[in-house]
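Novice: For reference, the sequence and a predicted model appear below.
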2 protein chains.
Amino acid sequence: MRADAERSRRRILDAACEVFLERGPDAPLDAVVRRAGVGPATLYRRFPDREALVRALVTDLLARLTEAADQARLTEADPHRALRRFVHAAADLRMGAAIVVLLERLVVDEDLVAVRRGAVTAVEALLRAAQDAGRLRADVGMGDLVLLCVRVSRPLPGALAALDADGSLVHRHLDLALAGLAAEPDGPAGPPLGFDEVIAAAGRPGEPAPGGVAE
Amino acid sequence: MRADAERSRRRILDAACEVFLERGPDAPLDAVVRRAGVGPATLYRRFPDREALVRALVTDLLARLTEAADQARLTEADPHRALRRFVHAAADLRMGAAIVVLLERLVVDEDLVAVRRGAVTAVEALLRAAQDAGRLRADVGMGDLVLLCVRVSRPLPGALAALDADGSLVHRHLDLALAGLAAEPDGPAGPPLGFDEVIAAAGRPGEPAPGGVAE
DNA sequence: AACGATACGGAGAGATTTTATCCGCTTCAC
DNA sequence: GTGAAGCGGATAAAATCTCTCCGTATCGTT
């Protein structure tokens, strides 16, 4: 692949990430084009339709996410610090986008499910380790973690996005939220939210639930 | 005002709140109409243009918010519990919408500024009280509180919204986040984010800063 | 119960936005 | 230097959004 083609691809993927995060998975591709600063033809040449773009984006993000999780685990000895490091990296990677876009709008095939499972496994390892070390509430599940991260690291709506031009606010709030996940629950607990529930909510099975919900 | 007119007004306002939260302040009014289950004419009859709708919505929300804050303060003796109660009430009221929509898209007049100031004062009282009681980190400002609430109580994007059909997940995550704001900062602190910064970021002065930023 | 007034929703015209393609010019790799 | 691959702007076709007209239904009152 030629160098300029690769560059365009990257710019489109990055732009798509931001745009989908801000405007949802149905955002006009036109907006992606404008943000990326490329011509429409360039996008449509590389990604024949929305699905192709979404799939490429998700694959890319999941791979980077998995790597970030593994690296955090290997770099930081302390489980809680490892989790924290990962969460911040995930925010930088726009983890939210992967989740947001992945869970609907996406025709899931085996490859993608495998990639996703890899990411989930890697993050779960971090979560479990922190919990085993007693540094994280036991009643917090993958779903909670993921959803909280998505929520906190999502760009602020509209003009407010300017508040966090450099992303430091996200990291600040991520730390505050993370402190709330630390051990010693004093608030009312509740069953942890698993990642499977999140997947199920997306409406598209991916890995069809045993029961198999109709419609 | 006739009973059915009042009913329509309420449905439109509620729908607008959800829609603006989900799709931003420029969301098509058509979407509001669909969500409200009324005819387009009904919306345009009541609210001649977008601004009228936004203004009515914001006024309505700020009033309810102020009331919720005052009531929380009066009902709960413990400052931290009062704050917590308020935050949950604010989530139910879709406080985020007020903020999201208020801060741009809104031609601010004196009435509105007064209403807003009233709300800010009421919430600030809660915040200060909790901090004075040592139940809340001192390095958390109104801006942090508001933004965290907006982030956590905003509806999840797309199909994920179904995860929280009854809103219980928001309350769960609000509690988790709130725990992180409790006393004993162990993470890296930083200057608290004030509400004025949030206002300033919205681009429209409202109450022009002393310095007065051009443009 | 009946009446006048008010409000409602659907159909749809016109404007705007979005999608997707063609083609002449530029950039890259060899 | 050359051929192939890639790029962006212009633009046609489709979809969406804004806003109004008008016949029908609902409300409050007598």
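Specialist: On my side now, so go ahead.

Novice: Any idea how far apart the tips of stretch A:151-158 sit?
Specialist: End-to-end distance for stretch A:151-158, by C-alpha to C-alpha, to the nearest Å: 16 Å.

Novice: Show me the residue at the heart of chain A, geometrically.
Specialist: Centroid check for chain A by C-alpha atoms, centre = their mean gives A:M95 as the closest residue, at 2.5 Å.

Novice: Provide a list of residues in contact with that one.
Specialist: Taking C-beta atoms under 8 Å, 6 or more residues apart in numbering or on different chains, we find A:M95 in contact with A:L61, A:L65, A:V146, A:C149, A:V150, A:S153. To be clear about C-beta, it is placed using only N, CA and C from the backbone, and glycine gets the same treatment.

Novice: A:V101 is in contact with the fifth one, correct?
Specialist: No: using C-beta atoms under 8 Å, A:V150 is not in contact with A:V101; the gap is 11.1 Å.

Novice: what helices or strands is the host helix or strand of A:G143 leaning on?
Specialist: Taking DSSP states H and E as the definition, A:G143 sits inside helix A:142-153. The contact analysis (3 or more C-beta pairs under 8 Å, 6 or more residues apart in numbering or on different chains; DSSP states H and E) places helix A:142-153 against helix A:79-92, helix A:95-102, helix A:110-132, helix A:168-181, helix A:195-201, helix B:142-153, helix B:168-181.

Novice: and DNA strand D, which of these is closest to it?
Specialist: helix A:95-102 (18.8 Å; C-beta to the nearest atom of the strand).

Novice: what angle separates the closest one from helix A:79-92?
Specialist: Using axes from the mean of the first three to the mean of the last three C-alpha atoms, to 10 degrees, the inter-axis angle of helix A:95-102 relative to helix A:79-92 is 60 degrees.

Novice: Next, the angle from helix A:95-102 to helix A:110-132.
Specialist: 140 degrees.

Novice: Helix A:142-153 and helix A:95-102, what's the angle between them?
Specialist: Calculated by the same axes, to 10 degrees, helix A:95-102 forms an angle of 110 degrees with helix A:142-153.

Novice: anything in helix A:95-102 sitting right up against DNA strand C?
Specialist: No: using C-beta under 7 Å from any atom of the strand, helix A:95-102 stays clear of DNA strand C, coming no nearer than 14.1 Å.

Novice: just how off-centre is that helix within its chain?
Specialist: How far helix A:95-102 lies from its chain's middle: 4 Å, per C-alpha atoms, centre = their mean, to the nearest Å.

Novice: What mean pLDDT does it get?
Specialist: Here helix A:95-102 scores 84 as its mean pLDDT.

Novice: Just the buried residues of that helix, please?
Specialist: Under the neighbour-count criterion of 16 or more other C-beta atoms under 10 Å in any protein chain shown, helix A:95-102 has A:M95, A:G96, A:A97, A:A98, A:I99, A:V100, A:V101, A:L102 buried.

Novice: quick one: the helix holding A:G143 to helix A:168-181, angle?
Specialist: Our comparison of helix A:142-153 with helix A:168-181, counting by the same axes, to 10 degrees, yields an angle of 150 degrees.

Novice: what does helix A:142-153 contact?
Specialist: Taking C-beta under 8 Å, 6+ apart as the rule, helix A:142-153 contacts A:87, A:90-91, A:94-96, A:99-100, A:120, A:123-124, A:127, A:170, A:173-174, A:177, A:181, A:192-198, B:148, B:151-152, B:154, B:156, B:160, B:163, B:169, B:172-173, B:176-177.

Novice: List only those of those residues flagged as buried.
Specialist: Using 16+ other C-beta under 10 Å as the burial test, the contacts of helix A:142-153 include A:87, A:90-91, A:94-96, A:99-100, A:120, A:123, A:127, A:170, A:173-174, A:177, A:181, A:192-193, A:195, A:197-198, B:148, B:151-152, B:154, B:156, B:160, B:163, B:169, B:172-173, B:176-177 as buried.

Novice: Select from the helices and strands packed on helix A:142-153 the stretch with the lowest mean pLDDT.
Specialist: Mean pLDDT is lowest for helix A:95-102 among these, at a mean of 84.

Novice: Can you show me the CA trace of that helix as PDB?
Specialist: Listed next in PDB are the C-alpha coordinates belonging to helix A:95-102 (Å, rounded to 0.1, in the frame of the first residue of the first chain):
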ATOM      1  CA  MET A  95     -12.200   3.200  23.800                       C
ATOM      2  CA  GLY A  96     -15.700   4.500  23.900                       C
ATOM      3  CA  ALA A  97     -15.900   4.600  20.200                       C
ATOM      4  CA  ALA A  98     -15.200   0.900  19.900                       C
ATOM      5  CA  ILE A  99     -18.000   0.100  22.300                       C
ATOM      6  CA  VAL A 100     -20.400   2.600  20.900                       C
ATOM      7  CA  VAL A 101     -20.000   1.600  17.400                       C
ATOM      8  CA  LEU A 102     -19.200  -2.000  17.900                       C
END
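
Novice: Tell me which residue in chain A sits closest to chain B.
Specialist: A:G180 (3.0 Å; C-beta to the nearest C-beta).

Novice: Is there a neighbour count for the nearest residue to that residue once chain neighbours are set aside? I'd like the number.
Specialist: With C-beta to C-beta, 6 or more residues apart in numbering or on different chains as the criterion, A:G180 has its nearest non-adjacent residue at 3.0 Å, and that residue is B:G180. As a burial measure, B:G180 scores 22 neighbours (other C-beta atoms under 10 Å in any protein chain shown).

Novice: Please apply the same query to the one 4 residues further on.
Specialist: The tally of other residues near B:E184 (other C-beta under 10 Å) stands at 7.

Novice: check contacts around it.
Specialist: Shown in contact with B:E184 (C-beta under 8 Å, 6+ apart): B:R137.
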